[in-house]
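> whatever this is, show me its structure:
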Amino acid sequence: MRNRRSLLAVITLFALVIGACGGTATPSGTLGPLSGDVRISGWSSSPTEDALLTDSINAFMAANPNVKVKWEPIATDYETVLKTNLAAGTEADVFYADIFWIDSLMKTNKLLALDDLMAKSGTKKEDFVPSLINAFSYQGKTYGIPKDFNTLGLVYNKDLFKAAGVAEPTNDWTWTDLSAAAKKLTSGSVVGLSLPADAARFVPFLWQAGGDLANINNAAGQAAFDFYTGFEAKDGVSKLPSELGMGWAGEAFEKGRAAMVFEGGWLPADLNNNFKSVNYGVVQMPKGTAAKSNLIFTVSYSISAKSKNPNAAWALANYLTGTDNQTKVLKAGFALPTRQALSSQITNANSKAIFDGTAYGKPFNYASANTGKVNDEIAKSLESIMLKKSSVKDALDKLATTIKPLLQ
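A predicted model of the protein is given here:
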């Protein structure tokens, strides 16, 4: 994630346009004859993604000729526009819901509980990666099916490692290994690591230290802040992307200014398409002093509680999250599958490193509806320490007071 404003764009750069349960576009189970209109809405991040989704919709309509599906992408400020439409009752039948803010929709009865429809079509929660499907559940009900996901991986430049005489990282790396490598890789205009002042990069380190948001200024929280900000504030082996003249850490990596960054599958996707000369690899995030940890970024297909055609809407969502099309899009290199049965088909080592982060990852909604506000406050604290405007202790004490009411 480059920053929160661009989270939706970078996740959908790696977006999943997924296929039919049971291997065909025809719904299984006892949904009955399908007909009528279905509107589907989401964001549009690239012509390639749009083409894939359009092809999937057309395949669904070909198999269900009495159903007409209309794709209605929202160009900008998706969350705000969607919530405005929900308030006005003009929302689409099926739409993307981000893990970042879906809690507010589930808790206000804006979404249709899918469990009965899932049972009718033979779709089980157990078909999906638990941490993903559970992120869209509330009070025992399922309100969305995960369409795609990402975790963070350590993306590294193999050529810079070789030039510096540093052994390439492994999935067993620790904080000590990361720190030692960053120092050896920093030379001239190249920094060993580019860490942004971004909660979505820092929070996994907090958890790796055994810390938590509710007690962020305790010993574990101070250790995590000290470690993360120390790469720049103490050792000078990291710089904020903006200090390197870059818009995000991934750009610094792509242009050879940073030897290591922590990013999701959106960075390999961009490297493969636009920076093919960069010789890179991806491993899992390092283990901290207490444990391994990661963040899970995911988006659902959800259905409006007011949909006038819930059976056809579900048939479409079920089709777009089914096995066949997930397999097709996985092979095309656009996304990781959310269905557990397809995990064995992830043979690319870089993709596997990102997929395996789900085993110890936590959803990117750790402060429920206030996650965005909490993230903003964490980012301010990180930046103040990195730029040596505040000590770790002072910044954390202030942060703890600021976010306490947001965590209630």
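> so for stretch 398-408, what's the average pLDDT?
If you average the pLDDT over stretch 398-408, you get 95.
> actually stretch 85-104, sorry about that
95.
> how about stretch 72-81?
93.
> hey, C-alpha coordinates of stretch 184-199 in CSV?
Taking Å, rounded to 0.1, in the frame of the first residue of the first chain, the C-alpha atoms of stretch 184-199 are listed here in CSV:
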residue,chain,number,x,y,z
LYS,A,184,25.6,-3.3,4.4
LEU,A,185,23.3,-2.4,1.5
THR,A,186,23.3,1.4,2.1
SER,A,187,25.8,3.0,-0.2
GLY,A,188,25.9,6.3,-2.1
SER,A,189,22.4,7.2,-3.3
VAL,A,190,21.0,3.8,-2.4
VAL,A,191,19.4,3.0,1.0
GLY,A,192,19.2,-0.5,2.3
LEU,A,193,15.5,0.0,3.1
SER,A,194,12.8,2.5,2.4
LEU,A,195,10.2,2.5,5.2
PRO,A,196,7.2,4.9,4.9
ALA,A,197,5.5,6.6,7.8
ASP,A,198,2.6,4.3,7.3
ALA,A,199,0.6,2.3,9.8
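> for that stretch, buried residues please.
185, 186, 190, 191, 192, 193, 194, 195, 196, 197, 198, 199 (16 or more other C-beta atoms under 10 Å). Yep, even glycine has a C-beta here, placed from its N, CA and C like the rest.
> what does the third one show for phi and psi?
What it means is residue 190. In terms of degrees, to the nearest 10, the main-chain angles of residue 190 are phi -100, psi 130.
> my read: it touches residue 161, true?
No: the criterion here is C-beta atoms under 8 Å, and residue 190 misses it with residue 161 at 11.5 Å.
> quickly list what's touching both of those two.
residue 259 (C-beta atoms under 8 Å, 6 or more residues apart in numbering).
> hang on, the earlier thing: now, which of the buried residues of stretch 184-199 lie within strands?
Using DSSP state E, no member of the buried residues of stretch 184-199 falls within strands.
> which parts of the stretch 51-200 of the chain are helices?
With DSSP state H, counting those that start in this stretch as the criterion, the stretch 51-200 of the chain has helices at 78-88, 102-106, 115-121, 130-133, 158-164, 175-185, 199-208.
> redo these as a markdown table? Include distance to residue 318.
Formatted as a markdown table, the helices of the stretch 51-200 of the chain follow (distance: least, C-beta to C-beta, whole Å):
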| stretch | distance to residue 318 |
| --- | --- |
| helix 78-88 | 21 |
| helix 102-106 | 18 |
| helix 115-121 | 6 |
| helix 130-133 | 13 |
| helix 158-164 | 41 |
| helix 175-185 | 42 |
| helix 199-208 | 30 |
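> out of those helices, which one sits most buried?
Among the helices of the stretch 51-200 of the chain, ranked by average contacts under mean count of other C-beta atoms under 10 Å, first place goes to helix 199-208 (a mean of 25).
> for that one, packing partners?
helix 219-233, strand 294-303, helix 371-386 (3 or more C-beta pairs under 8 Å, 6 or more residues apart in numbering; DSSP states H and E).
> okay, now the residue lying closest to residue 145 once chain neighbours are set aside: neighbour count?
Nearest non-adjacent residue to residue 145, counting by C-beta to C-beta, 6 or more residues apart in numbering: residue 321, 4.4 Å away. Per other C-beta atoms under 10 Å, the neighbour tally for residue 321 reads 29.
> out of the helices and strands packed on helix 199-208, the one nearest residue 148 is which?
Nearest of these to residue 148, taken as C-beta to C-beta: strand 294-303 at 6.1 Å.
> in its sheet, what does the closest one sit against?
Sheet pairing for strand 294-303, assigned by DSSP bridges, gives strand 94-98 (antiparallel), strand 145-150 (antiparallel), strand 361-363 (parallel).
> CA atoms only: put whichever helix or strand comes after it into CSV for me.
The C-terminal neighbour of strand 294-303 among helices and strands, as given by DSSP states H and E, is helix 310-320. Taking C-alpha atoms only, helix 310-320 is exported to CSV below (Å, rounded to 0.1, in the frame of the first residue of the first chain):
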residue,chain,number,x,y,z
PRO,A,310,-31.0,-11.5,-4.5
ASN,A,311,-30.9,-14.9,-6.1
ALA,A,312,-29.4,-13.7,-9.4
ALA,A,313,-27.1,-11.3,-7.5
TRP,A,314,-25.8,-14.1,-5.4
ALA,A,315,-25.4,-16.3,-8.5
LEU,A,316,-23.2,-13.7,-10.0
ALA,A,317,-21.1,-13.2,-6.8
ASN,A,318,-20.8,-16.9,-6.5
TYR,A,319,-19.6,-17.2,-10.1
LEU,A,320,-17.1,-14.4,-9.6
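> still on that earlier bit, ok, which pair from the buried residues of stretch 184-199 is furthest apart?
Going by C-beta to C-beta, the pair spanning the buried residues of stretch 184-199 furthest: 190 and 199, at 26.0 Å.
> quick one, domains of this structure?
4-150+296-363, 153-294+366-407 (automatic domain parsing).
> contacting residues around the closest residue in space to residue 142 that isn't next to it in sequence?
Nearest non-adjacent residue to residue 142, counting by C-beta to C-beta, 6+ apart: residue 114, 4.8 Å away. Contact analysis of residue 114 by C-beta under 8 Å, 6+ apart lists 141, 142, 143, 144, 145, 303, 314, 317.
> how far away is residue 114 from residue 302?
To residue 302, residue 114 is 8 Å away according to C-beta to C-beta, to the nearest Å.
> and if you look at residue 236?
The spacing between residue 236 and residue 302, counted by C-beta to C-beta, is 46 Å.
> ok, the two, which is more surrounded?
residue 302 (26 against 13).
> does that one touch residue 99 like I think?
No: counting by C-beta under 8 Å, residue 302 sits too far from residue 99 to count as a contact (11.2 Å).
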